[in-house]
Each structure stands twice: as C-alpha cells, then as structure tokens.
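> Build me a model from this:
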Amino acid sequence: MARRKVTEADTRRAELRDQLWPGSERWIWSIHNEKIVGFATMSRLTPWICSLMRDLSGGKDPTSAFLELWCKDWGQGIISINDEQECAFASGYSGNRAVRTWKERMFKLVELGFIVVKQVGNREYGEVLLVNPVSVCARLHAQGRVPEAWWASFVKRAGEIKARIPKNPRLPGDKPTEEGP
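Next up is the predicted model:
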C-alpha cells in the first residue's frame, strides 16, 4: 500500500508533539513509518457515524460490529466472513449468545444501510460490503431519520475536515433512475 506523502501540516504537528513529548515518535502508530503496518484508514467522522448508529439502533448498538468490520477491510470495501465466532468475539460479544448477538447487530447494520451482505453457503453473512458511511448518513438525513442537532454537528465537522457530503447519494438498494443504476 502506498504511503501518504508527508505534508507541511504533518511536519508542524510532529514538531509540536516532539516539543511536548520528546522521543514520543517511538510510542505512536505513525502512518509515515515504513516499519509500522496493520492499521486501517477511517473517516474522521466515525464518532458521529457511530453516535447516529447507536441512536437509530433501538437498543441494539451495532457500533462494535461495525468497527470490527472496518478493521478487516483492506481498502476495497469487501470483507469475507469465515469465522462468525471470531467476529463476534472481536466485536466484544462472548458466551453462549455471542454469535446470535453479533448477527443481530449485523442485521441492524444492513437495515440502516451501512453494509450490504451476500450469503455464502450456510453463512448468512458470508461476504460484506462496507458502504460509504458518509453517504449512508446523507441518505438517512434525506429520509428524515436523523435528528437535526446531530445533522448540524455532522455537517459542521465535515466542513472542518473538508469531507464532501453527497447531496443525492446513490446507494445499494436504490431504484435505478433514467440515468442508469
């Protein structure tokens, strides 16, 4: 995977970090260190996205399952689920109902539109597609399912980080238009 180029802002933040915590470069997980691997890229809006998921989930908070899926993605948006027990455990569920609880949370992610799934053999969640969560939030807002205070905060933060919120997101399950799928 290609590493992101070091920017002027990166250099300024690293200098400030080193002034406040001398020698701290060896304590962090730097994306610029060629020897450090095993991290995932995620949106700076993830806390807002997870907050919305919790609010809309009706008491079945799917955020830990969502984060576990996101950490399995290699950048193509597709995750092969080979071991549901492992996924349940990594999501924080244990005991006799671990897989059942994980499946309930996965269903909630499907229902909200954050993932699309394909059954493989007997595994209901054999392959998972992570849908752009910013687009999902925009669609949920267009459907009137998002609290206005949350939306205002989300839009403000998106502007601060220069994230683009699509006006009319085309997502899986949407009906085709005259322009095509």
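> Every contact and neighbour count from this point should use C-alpha atoms.
Fine.
> quick check, Pro22 in a helix?
No - counting by DSSP: H, G, I helix; E, B strand; the rest coil, Pro22 is not found in a helix; it is coil.
> would you say Glu124 is within a helix?
No - looking at Glu124 with three-state DSSP, it is strand, so not inside a helix.
> Can you get me a residue count around the closest residue to it other than its chain neighbours?
Take Glu124 and drop its neighbours on the chain: the residue closest to it by CA to CA, 6 or more residues apart in numbering is Lys118, 7.0 Å away. Neighbour count for Lys118, taken as other CA atoms under 10 Å: 13.
> With only the CA atoms kept, save the top helix by length along the chain in CSV.
Longest helix in the chain by number of residues (criterion: DSSP state H): helix 98-112. C-alpha atoms of helix 98-112 as CSV (Å, rounded to 0.1, in the frame of the first residue of the first chain):
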residue,chain,number,x,y,z
ALA,A,98,-22.2,-14.2,21.2
VAL,A,99,-22.8,-15.2,17.6
ARG,A,100,-26.6,-14.5,17.9
THR,A,101,-25.9,-11.1,19.3
TRP,A,102,-23.3,-10.4,16.6
LYS,A,103,-25.8,-11.4,13.9
GLU,A,104,-28.5,-9.2,15.4
ARG,A,105,-26.1,-6.2,15.2
MET,A,106,-25.1,-7.2,11.6
PHE,A,107,-28.8,-7.2,10.7
LYS,A,108,-29.1,-3.7,12.2
LEU,A,109,-26.2,-2.5,10.1
VAL,A,110,-27.9,-4.0,7.0
GLU,A,111,-31.2,-2.4,8.0
LEU,A,112,-29.6,1.0,8.4
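> Report the next helix or strand after that helix in sequence order.
The helix or strand immediately downstream of helix 98-112 is strand 115-120, counting by DSSP states H and E.
> picking up where we left off before, show me what counts as buried in the longest helix of the chain.
98-99, 101-110, 112 (16 or more other CA atoms under 10 Å).
> ditto for stretch 134-147
For stretch 134-147, by 16+ other CA under 10 Å, it's Val134, Ser135, Val136, Cys137, Ala138, Arg139, Leu140, Val146.
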